[in-house]
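Undergrad: Next come a sequence and a model predicted from it.
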Amino acid sequence: MGRYIARRLLYMLLVIIVVSIITFGLMHAVPGGPFDKEKPLPKEIIANLEKRYHLDQPLPVQYLNYLKDLTIPRFSKTKFPNTIDDDALFKFKIGGIYVNWVNFGPSYSSRSRTVNDMLRDQLPISIQLGFLAFCIAILIGMPLGILGALKQNTWVDYLSMTLAIFGVSVPVIVLGPILIWIFGVSTKLLPVTGWGSKPPFNLGFLPTGLGWDYWKYAIMPMFALGLSSSASIARLTRASVLQTIREDYIRTARAKGLRERAVVIKHALKNSLIPVVTILGPMFAALLTGTFVTETIFGIPGMGRYFVNSITNRDYPVIMGTVLIYAMFLVFCNLIVDLIYGLLDPRIRYD
Amino acid sequence: MAVDLSSAVTNSNNGRNPIAKKSESLTKDAFRRLMKNRAAVIGGVIIILLYLMMIFADKIAPFDYARQTLAEQNATPPWLTKIFPMMEPYAKAPADNPNKYILGADYVGRDLLSRIIYGSRVSLIIAIIGPLISLIIGVIYGSIAGFFGGRTDNIMMRLVDILYAFPSLLFTILLMTFFRSSLSKPVPGSFGAMLSALDTSLGGMLFIFIGIGMTAWQTMARLTRGQVLSIKEKEFVEAARSVGSSDLRIMFRHILPNIIGPLVVNETLAIPGYINTEAFLSFIGLGVNPPTPSWGSMISDGSKVVRTYPNQTVFPALMLALTMFAFNFLGDGLRDALDPQMRGKS
């Protein structure tokens, strides 16, 4: 088990490095620089700016410097000055020595902020939204799928599966404006834009309060984002439960006189969860990237808007930082799924 | 000997080839089941109607999609004001004919209905091109990996794993920016210039196809590899090999025909995803070039004025949803009809 995890982590590291190289290459291959403006700046100013951000160095050097800033911690006996260059995601103090670790670099388009600031202030909002949508997806999808399978070919089944197809077919960019129009504009029940929690967050990413002031902002976006995933979970769960209840051990369980409830809960559900769990990892990652769309529609100050803007502005550190963070989430989710897999099905071994 | 055997079988079956009959009846069987699935039939009919609308767009649409009448911006026909009373203060119908624009006009006075009709082009073409690109690249890639196995397989599938770790939406956005900006001023006469010219003539669709296609094939490659692995050890492949068939022939004559069914069904189910991605790209302004209409960019334009003119968002949104319904229903029906486990039941 330990060896398996170690090997997977090593492999993840490799994947992340390759992802970073591809992204770095691709974004520098796009012509135009971060300081090209509609009204061009004088050449000398651009040269100075590029020197300031070390963009005048050869690309491989830039890349290695980026990796160095990202991975190698910096130590100092005095407190780090509060400048852009000396910023870091994790700042702490051990035994009188100040440590700065993981620096994602400055942001070229907003000079006073760094990518670390963005990850501290914006990423938690995206994670909250993604996680809430994830909960919606599971809480609606699984019961719907199980119900459909247990009452196969009855009106319950048809209704839940029709609902599921409707859910899959209504993307965020359709559902979002319609929800805004119904609940925000016509009835004025919910605010149209914004988010109910501001940095600093509890533990770095948890909302500071969970009252109505939080939910009134969260309800529409989390449903808009989570509904289509809940529909795919419902369909998968139904198919999986249907397959399981035809297995021999279910017949055995029934034959030995177990009550139907026990058969379903103890035997059928646990085993039919395996395929469902497989898609939960990629789904959570997809929901996290899906927050980009939702944030644009609902005007939520998460990572999404910054990423889209950063690409058009050639804000290299923001692009790199976002892609790397999301890639890490993706591979990490997959690892967790593989581990849960083993818990649900003891036949799966890790070596 | 084989000839004798087959003729014996043929004779015993009144001159008909039993195998041919069986395969025909399988297809027929699937088709019959598909036809009995009411939702799938409705989906199919809607799709046919949508494609007819797309093909005859210039005959159906009352106006050209780019025709602007600034004096009639945000024009709203009277029937809409009846349904959406909150539009009353902002609505004004064109003076000469209040119902000139059946669904209203947008912020520069372009007919919404015509733009919705022309806007179907991008969505419906990506519904064909997306699966096509993904099938061609994915099947070739996956079958090479699965067929040759060993180190080839290992290296090829590791590459797919790495691409999998790319958040695909982010990757598509990155690619789109790359295409849009690096090929906007290409060297004359180069390959990039050709692509760029083709893209401009298609209203920006070409790069959407490439961008979506490049991120879509990995799933297909994995699926194909798995299928090839499971089938290449079968007896009939060994038989083909023993009579001296080449690798290519085995691949195309014996393996591919056996695995293509589930792959196609899988791609059909992926179509709504492609439509969704295109709509999103156009929504954030990385999709088609204006004034080419796309439902995604129309929703984006409309959502800026959703408080005053909800019709400008609601109608393109409904069309997008309708199209995705139709493809989902048809895809589901196809899968059920071709699923071997369902065969022989009901």
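TA: Looks like it arrived, so ask away.
Undergrad: Identify the residues contacting residue A:147.
TA: By C-beta atoms under 8 Å, 6 or more residues apart in numbering or on different chains, the contact list for residue A:147 reads A:156-157, A:160. Bear in mind the C-beta positions are built from the backbone N, C-alpha and C, glycine included.
Undergrad: which of the residues you listed count as buried?
TA: When the contacts of residue A:147 are checked for burial by 16 or more other C-beta atoms under 10 Å in any protein chain shown, the buried set is A:157, A:160.
Undergrad: which of the contacts of residue A:147 lies closest to residue B:255?
TA: Of all these, residue B:255 sits closest to residue A:157, with 36.9 Å by C-beta to C-beta.
Undergrad: Give me the pLDDT for that closest one.
TA: You'll see residue A:157 listed with a pLDDT of 86.
Undergrad: Thought residue A:148 was touching it, still the case?
TA: Yes. Taking contacts as C-beta atoms under 8 Å, residue A:157 lies within contact range of residue A:148: 4.5 Å.
Undergrad: which residues are in contact with both of those two?
TA: The contact lists of residue A:157 and residue A:148 share residue A:238, where a contact means C-beta under 8 Å, 6+ apart.
Undergrad: so where does the closest residue to residue B:164 other than its chain neighbours fall, helix or strand?
TA: Nearest residue to residue B:164, sequence neighbours excluded (C-beta to C-beta, 6 or more residues apart in numbering or on different chains): residue B:218, at 5.8 Å. Residue B:218 is part of helix B:205-231, with elements assigned from DSSP states H and E.
Undergrad: Residue ranges in the chain under the pLDDT threshold?
TA: This is for chain A. A:38, A:348-351 (pLDDT under 70).
Undergrad: um, chain B though
TA: B:1-25, B:95, B:180-190, B:203, B:339-346.
Undergrad: quick one on the thing from earlier: pretty sure the residue nearest to residue B:164 contacts residue B:160?
TA: Yes. With contact defined as C-beta under 8 Å, residue B:218 reaches residue B:160; the gap is 5.0 Å.
Undergrad: Out of these two, name the residue with the larger neighbour count.
TA: More neighbours surround residue B:218 than the other of residue B:218 and residue B:160, with 23 against 18 (other C-beta atoms under 10 Å in any protein chain shown).
Undergrad: returning to that earlier point: considering only the contacts of residue A:147, which also neighbour chain B?
TA: Applying C-beta under 8 Å from any C-beta of the partner chain, the subset of the contacts of residue A:147 adjacent to chain B is empty.
Undergrad: What residues does the stretch 101-250 of chain A have near chain B?
TA: Going by C-beta under 8 Å from any C-beta, the residues of the stretch 101-250 of chain A near chain B are A:162, A:165-166, A:168-174, A:176-178, A:180-181, A:185-186.
Undergrad: which of those are buried?
TA: Counted by 16+ other C-beta under 10 Å, those give A:165-166, A:168-174, A:176-178, A:180-181 as buried.
Undergrad: quick one: contacts for the residue in the stretch 251-351 of chain A that chain B sits nearest to?
TA: For the stretch 251-351 of chain A and chain B, the shortest gap (C-beta to the nearest C-beta) falls at residue A:326, measuring 4.1 Å. With contacts defined as C-beta under 8 Å, 6+ apart, residue A:326 is in contact with A:285, A:288-289, B:167, B:170.
Undergrad: If we use 10 Å, what do you get?
TA: Contacts here follow C-beta atoms under 10 Å, 6 or more residues apart in numbering or on different chains; on that basis residue A:326 touches A:19, A:123, A:126, A:285, A:288-289, A:292, A:303, A:307, B:165-167, B:169-171.
Undergrad: From those residues, pick the one nearest residue A:47.
TA: Of these, the one sitting nearest to residue A:47 (C-beta to C-beta) turns out to be residue A:307, at 28.0 Å.
Undergrad: Can you name the residue of the stretch 101-250 of chain B nearest to chain A?
TA: Taking C-beta to the nearest C-beta, the stretch 101-250 of chain B has residue B:167 as its residue nearest chain A, at 4.1 Å.
Undergrad: hang on, the earlier thing: can you check which residues contact both of residue B:218 and residue B:160?
TA: B:138, B:141-142.
Undergrad: Report the separation between residue B:51 and chain A.
TA: Residue B:51 is 18 Å from chain A, where distance means C-beta to the nearest C-beta, to the nearest Å.
Undergrad: OK, contacts around that residue?
TA: B:120, B:124-125, B:127-128.
Undergrad: So which of those residues wins on neighbours?
TA: Neighbour counts for these, by other C-beta under 10 Å, peak at residue B:127, which reaches 25 neighbours.
Undergrad: That residue and residue B:320 touch, don't they?
TA: No. If you go by C-beta atoms under 10 Å, residue B:127 and residue B:320 don't touch, sitting 11.8 Å apart.
Undergrad: which neighbours do these two share?
TA: B:120, B:272, B:275, B:278.
Undergrad: What's the local residue count around residue B:230?
TA: Residue B:230, neighbours per other C-beta under 10 Å, totals 12.
Undergrad: where do the helices sit along the stretch 251-351 of chain A?
TA: A:260-262, A:270-298, A:303-312, A:316-344 (DSSP state H, counting those that start in this stretch).
Undergrad: Need the ones you listed in CSV (columns: distance to residue A:10).
TA: Output for the helices of the stretch 251-351 of chain A, formatted as CSV (distance: least, C-beta to C-beta, whole Å):
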stretch, distance to residue A:10
helix A:260-262, 43
helix A:270-298, 19
helix A:303-312, 28
helix A:316-344, 12
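Undergrad: Tally up the residues packed near residue 278, please.
TA: Since no chain was named, I'll use chain A. 17.
Undergrad: ah, no, chain B please
TA: For residue B:278, using other C-beta under 10 Å, the count is 28.
Undergrad: Could you check how far it is from residue B:210?
TA: 12 Å (C-beta to C-beta, to the nearest Å).
Undergrad: ok, now residue A:110?
TA: From residue A:110 to residue B:210 the distance is 32 Å (C-beta to C-beta).
Undergrad: among the shared contacts of residue B:127 and residue B:320, which are in strands?
TA: Among the shared contacts of residue B:127 and residue B:320, none falls in strands (DSSP state E).
Undergrad: near chain A, which of these show up?
TA: Contacts with chain A within these, as defined by C-beta under 10 Å from any C-beta of the partner chain: B:272, B:275.
Undergrad: Quick check: of the shared contacts of residue B:127 and residue B:320, which lies closest to residue B:315?
TA: Distances from residue B:315 to the shared contacts of residue B:127 and residue B:320, taken by C-beta to C-beta, are shortest for residue B:120, at 12.3 Å.
Undergrad: residue contacts, the closest one?
TA: Here residue B:120 is in contact with B:50-51, B:53-55, B:57, B:127, B:293-295, B:316, B:319-320, B:323 (C-beta under 10 Å, 6+ apart).
Undergrad: again with residue B:163
TA: So residue B:163 contacts A:15, A:18-19, A:22, B:171, B:214-215, B:217-218, B:221 (C-beta under 10 Å, 6+ apart).
Undergrad: from the contacts of residue A:326, which would you call buried?
TA: A:19, A:123, A:126, A:285, A:288-289, A:292, A:303, A:307, B:165-167, B:169-171.
Undergrad: quick revisit: by neighbour count, which of the shared contacts of residue B:218 and residue B:160 wins?
TA: residue B:142 (29 neighbours).
Undergrad: element containing that residue?
TA: helix B:112-148.
Undergrad: Need the nearest residue in space to the residue most central in space within chain B, chain neighbours excluded.
TA: Chain B has residue B:127 as the residue nearest its centroid, 1.7 Å off, counting by C-alpha atoms, centre = their mean. Computed as C-beta to C-beta, 6+ apart, the closest residue to residue B:127 that is not its neighbour in sequence is residue B:271, at 5.0 Å.
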